[in-house]
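Trainee: here's my sequence, what's the structure:
(one chain, ligands or ions: 3)
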Amino acid sequence: MLKRFILNLPLGYKLNGIMVSIAALTLMLVSVAYFVHQHQVVRQQATIELATLSQIYSDTSTAALAFDDKDGANDLLASLAAKPTIRAASVLNRHGDIFARYLASGVPQSLLSSFLPNADPVESAAQIKRDLFHLKTPITLDHETIGTFLIVADFSDVRATQRRFILFLGVLFSLALMISTFLSSRLQRHITLPIHNLTTTMGTVSESNDFSLRVQSSTTDEVGQLCLGFNAMLERIEQQATLLQSQKENLHFLATHDALTGLPNRTLLYDRLHKGLTRARRNNTELAVMFIDLDRFKNINDTMGHDIGDLLLKAVASRLKEAVREDDTVARFGGDEFVILLDSVKMEAIEYVITKVTRAVKMPIELQQRQVVITPSIGLASFPQHGAIPDELIKYADVAMYHAKNSGRDTAQRYFPEMTSKIHARFNLENKLHTALARNEFTIHYQPQFELRTRKICSCEALLRWQVDGKDISPVEFIPIAEDNGLIVPIGRWVLQQACHQAMLWQRPNQPPIKIAVNVSARQFFASDLIIDVEKALKDSGLPPSCLELEITETMIMTDIEKAISVMDRISAMGVEIAMDDFGTGYSSLSYLKRFPLSKLKIDRSFVRDVLHDEDDAAITRAVVSMALALNIDVLAEGIETEGQLEFFHALNCRYGQGYLLARPIPAEQLTALLNQISN
Ligand code: C2E
Ligand code: MG
Ligand code: MG
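Mentor: Residues are numbered from 1 along each chain as shown. Ligands and ions are numbered 1, 2, ... in the order given. Prediction:
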């Protein structure tokens, strides 16, 4: 029990205890030794003094005893009164009887007598009786013992001195003990303080997990080394902890961010959306979700490679971030889809944000010395108007984005409930499109194109028709779907084959050739097998290459100008002509026109429609026609519906025209009949 108590005491107490105990033991031993020694010395001194005195008196009393001079002997003994320690003295004759005596005042006669019966005149050994010490010295004359001198001294003074000495030693001992306790408590601190620091630091570290703490120690002894070792261990743990922390942060970042663009991923987006909605609900504010999909991104990936695709995504990501406020979230939702979360935004400001975002994405991007233009389709849903939970808002923004895509891309759409049913209809259509080719559901109508001066048919445009369950579906509706899912490539190949065969049938000997214009979509245009398909169609049909014209649009060329130019060069090298369709609706820089090997420029219907009422449209049209003529490119006006429009273009020296006024798109047989009619 006690042992356990002692073992459990703090180190300082133990050290104190040990040091004080050792000091006490040493002091005690020294004191005892010193006391014993002192005791011996004092007693010896007193005894010697007494023996000397006794010898003197025995010598001087020899004569008195020899001559039986009792008075002389008594007088001699009386002089002992000068010695206060001498209590009694006596000269004894040879028979041991008292011859003369001295008794100090107050000392009874019996004191002397108590020494007489045992008095041995020969033996002079000292004996202590109580505090009394007596000594017997023989009195000799001529070597004969004639009596004994007995002296009794009181040694109580010696004892008192010894007692005082013991007291003094006790005080000295206690003082020394106190000093040793004080010194030991001060000295042990030098040993225990670093250990105390060590244990305190250890406790703090284990409680707070703060591995940056260090133990203070200025010594290099074992304790100092222990502290150094502990500090080194802490440093290693701190490094490990820092590494672990940064790995944890890295892992967290990876789990919540997109590896390519560094933008927040879906997980973080949903988290922020959730928090944003809670905030908006509490503060009564609005919140908007913008779903952005890059138009024809797949084309870029397919034609320019995934590396460029990745660079493009990164560039778009940083542009989107720059276009919005810092506290808005730009996340990569997947592939070429981005979502912007606009926190506490006023609905009036949305239009402005959309414009900023669209402009940012559409600015030409320079990627490995190639200029790329990409457009965004944007869908928008907001709280509280459209939904109150993250999933709902994202879904509706996505639906609105799909709608934007279907409305010709490069636009933004706000969500409205009817959109959902339209999206379903689109999915339905897409399903049916997969089997349309195999089920022979496609037909081609041909719309004649006229020379305006002679009003003679010089060519015709192949326009795809699709009938599902007896209902005509417009190519404006299904071509974008086919482009998205890639079906346009086999469908386009089929159109090319059919159109070339048909055009071959329309060629008449000794008549000017009838050209056939075939629309080519972006996906088809950048696919590696377009040239092969064209060659095959021409070869299979036997149509001269100069009778085939491929219609491409500006927007699709601008996706990758350099590549587009190389494809166009290869096509025109085959002798096939190239027409630019829907001119005026895209963003083509006019400076590029002269680099394109174009044979024809088709002015878009939207300009033709308003050319007689809208001065701006008329001015643009005039400029375009004169510029094309200057570049030696033929011009065709699309969608001529009135004589006025026809006259306008004719007057501008625009060579060709196409439109309901002249002829609608018609089945091949009808056009055959028409051509036959004309040639007859
Ligand atoms: P596009 O190449 O610009 O074709 C001209 C469109 O204008 C045709 O519409 C035609 O019917 C219409 N049009 C012609 N004259 C007039 C007019 O006077 N008034 C009005 N309102 N419209 C007129 P359609 O056939 O609906 O084709 C629409 C678009 O679908 C085409 O525009 C073309 O971009 C695309 N398309 C059609 N067939 C194919 C095809 O085989 N392959 C590809 N890739 N696209 C095709
Ligand atoms: Mg066309
Ligand atoms: Mg057109």
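
Trainee: make it CA atoms for all contacts and neighbour counts henceforth
Mentor: OK.

Trainee: can you tell me if the longest strand seen in the chain touches ligand 1.
Mentor: As assigned by DSSP state E, the longest strand anywhere in the chain is strand 456-468. Yes. Remark: strand 456-468 sits within contact range of ligand 1 at Leu463, Leu464, by C-alpha under 6 Å from any ligand atom.

Trainee: isn't Phe607 up against Ala619?
Mentor: No. When contacts are counted by C-alpha atoms under 8 Å, Phe607 is not listed as touching Ala619 (10.1 Å).

Trainee: average pLDDT across the longest strand of the chain?
Mentor: Strand 456-468 carries an average pLDDT of 96.

Trainee: hmm, back to that, so between Phe607 and Ala619, which is more surrounded?
Mentor: Taking neighbours as other C-alpha atoms under 10 Å, Phe607 and Ala619 compare with Phe607 leading, 22 against 12.

Trainee: count the neighbours of the residue lying closest to the more buried one once chain neighbours are set aside for me.
Mentor: Among residues not flanking Phe607 along the chain, Asp617 sits closest, at 5.7 Å (C-alpha to C-alpha, 6 or more residues apart in numbering). By other C-alpha under 10 Å, 17 other residues sit near Asp617.

Trainee: name the element the most centrally placed residue in the chain belongs to?
Mentor: Centrality entry for the chain: nearest residue to the mean C-alpha point is Glu249, 2.4 Å, by C-alpha atoms, centre = their mean. For Glu249, the element it lies in under DSSP states H and E is helix 222-256.

Trainee: what's the residue in the stretch 351-500 of the chain positioned nearest to ligand 3 in contact with, if anything?
Mentor: Nearest to ligand 3, among the residues of the stretch 351-500 of the chain, is Glu461, at 9.9 Å (C-alpha to the ion). For Glu461, the contact set (C-alpha atoms under 8 Å, 6 or more residues apart in numbering) comprises Tyr446, Gln447, Pro448, Gln449, Ile516, Ala517, Val518, Asn519.

Trainee: partners of it in the sheet?
Mentor: Gln447, Ala517 (DSSP bridges).

Trainee: point me to the residue of the stretch 301-450 of the chain nearest ligand 1.
Mentor: Nearest to ligand 1, among the residues of the stretch 301-450 of the chain, is Gln447, at 7.2 Å (C-alpha to the nearest ligand atom).

Trainee: contacts only, for that residue.
Mentor: Contacts of Gln447 by C-alpha under 8 Å, 6+ apart are Cys460, Glu461, Ala462, Leu463, Gln658, Ala663, Arg664, Pro665, Ile666.

Trainee: mark which of those are buried, thanks.
Mentor: Restricting the contacts of Gln447 to buried positions leaves Cys460, Glu461, Ala462, Leu463, Gln658, Ala663, Pro665, Ile666, with burial counted as 16 or more other C-alpha atoms under 10 Å.

Trainee: so the residue nearest to Phe607 lies in a helix, does it not?
Mentor: Yes. Read with DSSP: H, G, I helix; E, B strand; the rest coil, Asp617 is one of the residues of a helix.

Trainee: hang on, it packs against Arg609?
Mentor: No. In this structure Asp617 lies outside contact range of Arg609 using C-alpha under 8 Å: 9.2 Å.

Trainee: what is the neighbour count of Lys83?
Mentor: 10.

Trainee: who's in contact with stretch 309-319?
Mentor: Residues outside stretch 309-319 that contact it (C-alpha under 8 Å, 6+ apart): 260-261, 263, 297, 300-301, 330, 332, 336, 360-361, 365, 367.

Trainee: cool, stretch 603-613 as well?
Mentor: 581-585, 617-618, 621, 635-641, 644-645, 648.

Trainee: filter those residues down to the buried ones and hand me the PyMOL line.
Mentor: The PyMOL command for the buried members of these (criterion: 16+ other C-alpha under 10 Å) is given here:
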select buried, resi 581+582+583+584+617+618+621+635+636+637+638+639+640+641+645+648
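
Trainee: buried ones in the next helix or strand after the helix holding Glu249?
Mentor: Tracing the chain C-terminally past helix 222-256 and defining elements by DSSP H and E, one meets helix 266-283 next. Residues Arg266, Leu268, Leu269, Tyr270, Arg272, Leu273, His274, Gly276, Leu277, Arg279, Ala280 are the ones in helix 266-283 that count as buried (16+ other C-alpha under 10 Å).

Trainee: got the angle for helix 266-283 vs helix 222-256?
Mentor: Put simply, helix 266-283 runs at 80 degrees to helix 222-256, going by axes from the mean of the first three to the mean of the last three C-alpha atoms, to 10 degrees.

Trainee: what is the mean pLDDT for the helix or strand just after helix 266-283?
Mentor: Downstream of helix 266-283, the first helix or strand assigned by DSSP H and E is strand 287-294. Averaging pLDDT along strand 287-294 yields 96.

Trainee: with stretch 561-575 instead?
Mentor: On average, stretch 561-575 scores 93.

Trainee: quick one, domains of the protein?
Mentor: 2-161, 262-416, 431-679 (automatic domain parsing).

Trainee: of those, which shows the lowest average pLDDT?
Mentor: The minimum mean pLDDT among the domains of the chain belongs to domain 2-161 (a mean of 83).

Trainee: in the stretch 501-650 of the chain, which residue sits nearest ligand 1?
Mentor: Going by C-alpha to the nearest ligand atom, ligand 1 is nearest to Gly639 of the stretch 501-650 of the chain, at 3.4 Å.

Trainee: could you measure from Gly542 over to His501?
Mentor: Gly542 sits 8 Å away from His501, going by C-alpha to C-alpha, to the nearest Å.

Trainee: contacts for stretch 351-365, please.
Mentor: For stretch 351-365, contacts defined as C-alpha under 8 Å, 6+ apart pick out 312, 315-316, 319-320, 323-324, 371-376, 412.

Trainee: export only the CA atoms of that stretch, formatted as PDB.
Mentor: Presented in PDB, the C-alpha positions along stretch 351-365 are these (Å, rounded to 0.1, in the frame of the first residue of the first chain):
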ATOM      1  CA  GLU A 351     -31.100  38.200 -69.800                       C
ATOM      2  CA  TYR A 352     -27.900  40.200 -69.200                       C
ATOM      3  CA  VAL A 353     -26.100  37.100 -67.800                       C
ATOM      4  CA  ILE A 354     -27.300  35.000 -70.700                       C
ATOM      5  CA  THR A 355     -25.900  37.500 -73.100                       C
ATOM      6  CA  LYS A 356     -22.600  37.600 -71.300                       C
ATOM      7  CA  VAL A 357     -22.300  33.800 -71.100                       C
ATOM      8  CA  THR A 358     -23.200  33.400 -74.800                       C
ATOM      9  CA  ARG A 359     -20.800  36.100 -75.900                       C
ATOM     10  CA  ALA A 360     -18.000  34.600 -73.800                       C
ATOM     11  CA  VAL A 361     -18.500  31.100 -75.300                       C
ATOM     12  CA  LYS A 362     -18.900  32.300 -78.900                       C
ATOM     13  CA  MET A 363     -15.700  34.300 -79.100                       C
ATOM     14  CA  PRO A 364     -13.300  32.500 -81.400                       C
ATOM     15  CA  ILE A 365     -10.900  30.300 -79.500                       C
END
